[in-house]
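S.K.: I'll drop the sequence and a predicted model, then ask my questions.
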Amino acid sequence: LACCLPCYYFIAGVVKNKANKLLAMLGAFFILIGLMATFSRTSWIVALIGAFFYFYKKNKKILPIVVVFISLFSVAIFGIMKLKPALRDRIDYRNADNYVRLERYQLTMKMIKDHPFVGVGLNNYRIVFDRYYGPNQVDYNIKIPDNMYLMIAGESGLIGGGLFLLLLFYIIKRGFVLLK
């Protein structure tokens with residue numbers, strides 16, 4: 001969702017037809033609502049940083065308004081966390097789900113240590129999961145590390161993980177070159 005948001009803003013800025021522009025902005029609005037409903041802190045941060053760069057590039061006069069909006073959004077999120085314990089627990093990094101993630105991160109590091117160069121093989125992470133965690137203790141659908149980078153490094157080893165990071169670095173570098 002965070003990656004789709006700039007696309008909708010771009011479409012809204014490029015199209016001339018007012019109806020299409022309205023549809024693009026409406027789509028961006030629904031993506032923002034969906035993004036907030038995910039309670040993914042990383043997605044929120046990515047969306048806010050993306051909005052900052054978008055408005056910085058598009059119109060530097062709007063930048064102070066964007067900074068104020070980002071600040072108010074942050075204050076609102078922290079205010080909601082204080083008022084609603086269920087939301088606080090969902091966002092708080094110290095809840096039980098995060099301990100399970102940390103446990104899976106360590107498990108993935110053991111996989112990488114055992115298979116450093118080529119990993120366990122593409123799409124084999126869930127198959128070898130039981131060897132490291134214990135047989136049939138976890139449902140098949142949650143036998144993942146919840147971290148894309150660790151998943152790629154676990155399945156394709158340090159070589160595949162390094163190549164993936166190089167690809168990401170190239171894309172980011174190319175994006176900064178295009179911003180100039």
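M.R.: Great, that's in hand.
S.K.: against which helices or strands is the helix or strand containing residue 161 packed?
M.R.: Here residue 161 sits within helix 148-179, counting by DSSP states H and E. Judged by 3 or more Cβ pairs under 8 Å, 6 or more residues apart in numbering; DSSP states H and E, the packing partners of helix 148-179 are helix 96-114, helix 125-133. Using the backbone N, CA and C atoms, a C-beta is placed for each residue, glycine as well.
S.K.: looking at those, which is buried most?
M.R.: Among these, helix 125-133 has the highest mean neighbour count (mean count of other Cβ atoms under 10 Å), at a mean of 16.
S.K.: can I get that one as CSV, trimmed to CA atoms?
M.R.: What follows is helix 125-133, C-alpha atoms only, in CSV (Å, rounded to 0.1, in the frame of the first residue of the first chain):
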residue,chain,number,x,y,z
TYR,A,125,12.0,-22.0,4.2
ARG,A,126,8.7,-23.5,5.5
ILE,A,127,9.9,-27.0,4.7
VAL,A,128,13.0,-26.8,6.8
PHE,A,129,11.4,-24.7,9.5
ASP,A,130,10.5,-27.8,11.6
ARG,A,131,14.1,-28.9,11.7
TYR,A,132,15.0,-25.7,13.6
TYR,A,133,11.9,-25.0,15.5
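S.K.: how far is it from where the chain is centred?
M.R.: Its chain's C-alpha centre and that of helix 125-133 lie 25 Å apart, by Cα atoms, centre = their mean, to the nearest Å.
S.K.: what angle do it and helix 96-114 make?
M.R.: In terms of direction (axes from the mean of the first three to the mean of the last three Cα atoms, to 10 degrees), helix 125-133 departs from helix 96-114 by 90 degrees.
S.K.: re earlier: buried sites along the helix holding residue 161?
M.R.: 150-157, 160-161 (16 or more other Cβ atoms under 10 Å).
S.K.: quick one: the residue nearest to residue 109 when sequence neighbours are not counted from residue 121, how far?
M.R.: Of all residues not flanking residue 109 in the chain, residue 150 sits nearest, at 7.8 Å (Cβ to Cβ, 6 or more residues apart in numbering). Using Cβ to Cβ, to the nearest Å, residue 150 is found at 15 Å from residue 121.
S.K.: which SSE is residue 75 in?
M.R.: If you go by DSSP H and E, residue 75 is part of helix 63-83.
S.K.: what helices and strands are in contact with that helix?
M.R.: By 3+ Cβ pairs under 8 Å, 6+ apart, helix 63-83 packs against helix 41-58, helix 85-91.
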